[in-house]
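[1] got a predicted model here, sequence first, then my questions.
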Amino acid sequence: MKYLALIFIIFIHCSPKKENELPISIEGEWIEIYEDTEGIYDWSGLKFENDTAYRISDFGLVVKGAYSIVENRIITDELDGVLECTILNLTEDSLKIERNGEVNQYYSRRLEYDKDLKINSISISTYKCMDLCWEFDYRLESDGIEVFNGKYNTQTLGIRKGKMEDKLLREIESLFKWSNIKRLNPERVPIAMDGWLIEFDINFNDNESISFSTTDFEIPYRIKPIFHLIQNHLKKKGLK
């Protein structure tokens, strides 16, 4: 029996352990820091979750590949080969890595959470594109009251009023606290020449407002989940 116990101990000791050389876990979302931090709202970034590394962008999460930690190196198995970078510094709030002489710094997206951020209203207007997209106006108030006005390519044309269920409203409110909305610069939100044109008007806190136009693929990374929840909600209600 003592030999079995010894073999078990040796097996545990020799088995590879992810992040066994790092002081803290690297898992989570990391947003890249650029020099022009006041002018940029959505950065590219990195996300490490379970065994997979992702790249963050306004297009959403893009899978980089499986990753592992060996000492102070991140090794990622990507489509174009195995990539390796060195962790120069890692804390709960910051990450600095180096690859081929290029140094990139990131901060933890946890720092963007604002527990006091509150939605007053979200207004969305969409426009048809080559007869494919659906055109509507939509407004959601903080108490869940919503107004939909279907204009083109929708199952429901004209104005429909209702009230969003509390569970979905709470989910949107929670996502909004992660929106980093105060840093959004409307002039820096990308908009493509072709695509589904969408206009946002968001009122929050003490009657602060921000408006911006974009296309569906370029919706800022932090706002995109909110838009998708509303979009799916309208489809389930038979308005699309």
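    Yep, it's here.
[2] could you pull out the helices for the protein?
    2-14, 166-176, 224-236 (DSSP state H).
[3] quick one: low-confidence parts of the protein?
    1-21, 35-43 (pLDDT under 70).
[4] which stretches of this structure form strands?
    28-32, 45-49, 52-57, 60-70, 73-78, 81-90, 94-99, 102-108, 119-126, 135-141, 145-152, 158-163, 197-204, 208-215 (DSSP state E).
[5] and these as a markdown table, adding distance to residue 171 and mean neighbour count?
    Every residue, glycine included, has its C-beta placed from N, CA and C. A markdown table is the format used below for the strands of the chain (distance: least, CB to CB, whole Å; neighbours: other CB atoms under 10 Å):
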| stretch | distance to residue 171 | mean neighbour count |
| --- | --- | --- |
| strand 28-32 | 18 | 19 |
| strand 45-49 | 20 | 19 |
| strand 52-57 | 20 | 18 |
| strand 60-70 | 18 | 15 |
| strand 73-78 | 32 | 16 |
| strand 81-90 | 31 | 13 |
| strand 94-99 | 28 | 17 |
| strand 102-108 | 22 | 15 |
| strand 119-126 | 12 | 19 |
| strand 135-141 | 12 | 18 |
| strand 145-152 | 14 | 17 |
| strand 158-163 | 15 | 11 |
| strand 197-204 | 17 | 18 |
| strand 208-215 | 21 | 16 |
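[6] list the contacts of residue 54.
    By CB atoms under 8 Å, 6 or more residues apart in numbering, the residues touching residue 54 are 46-48, 61-64.
[7] 10 Å instead, please
    The contact partners of residue 54, taken as CB atoms under 10 Å, 6 or more residues apart in numbering, are 29, 45-48, 60-65, 67.
[8] looking at the residues you listed, spot the one nearest residue 109.
    Proximity of those to residue 109 (CB to CB) peaks at residue 29, which lies at 3.9 Å.
[9] pull the most distant pair out of the contacts of residue 54.
    Across these (CB to CB), the longest gap, 18.7 Å, separates 60 and 67.
[10] dump the residue contacts of residue 23.
    Per CB under 10 Å, 6+ apart, neighbours of residue 23: 90-92.
[11] got the buried residues for stretch 220-240?
    220-227, 229-231, 233-234, 239-240 (16 or more other CB atoms under 10 Å).
[12] correction: the previous question concerned stretch 112-120.
    112, 114, 117, 119.
[13] endpoints of that stretch, how far apart?
    Its start and end residues considered, stretch 112-120 measures 19 Å (CA to CA, to the nearest Å).
[14] for residue 54, name its beta-bridge partners.
    residue 47, residue 63 (DSSP bridges).
[15] equivalent analysis for residue 160, please.
    residue 148.
[16] residues contacting the closest residue to residue 237 other than its chain neighbours?
    Nearest in space to residue 237, with sequence neighbours left out and distances taken as CB to CB, 6 or more residues apart in numbering, is residue 162 at 7.3 Å. The neighbourhood of residue 162, defined by CB under 10 Å, 6+ apart, consists of 144-148, 237, 239.
[17] my guess is residue 125 contacts residue 136, does it?
    Yes. Using CB atoms under 10 Å, residue 125 is in contact with residue 136, at 7.6 Å.
[18] overlap in contacts, the two.
    149, 151.
[19] ok, the closest residue in space to residue 201 that isn't next to it in sequence to residue 54 distance?
    Excluding its sequence neighbours, the residue lying closest to residue 201 (CB to CB, 6+ apart) is residue 123, at 4.1 Å. From residue 123 across to residue 54, the span is 31 Å (CB to CB, to the nearest Å).
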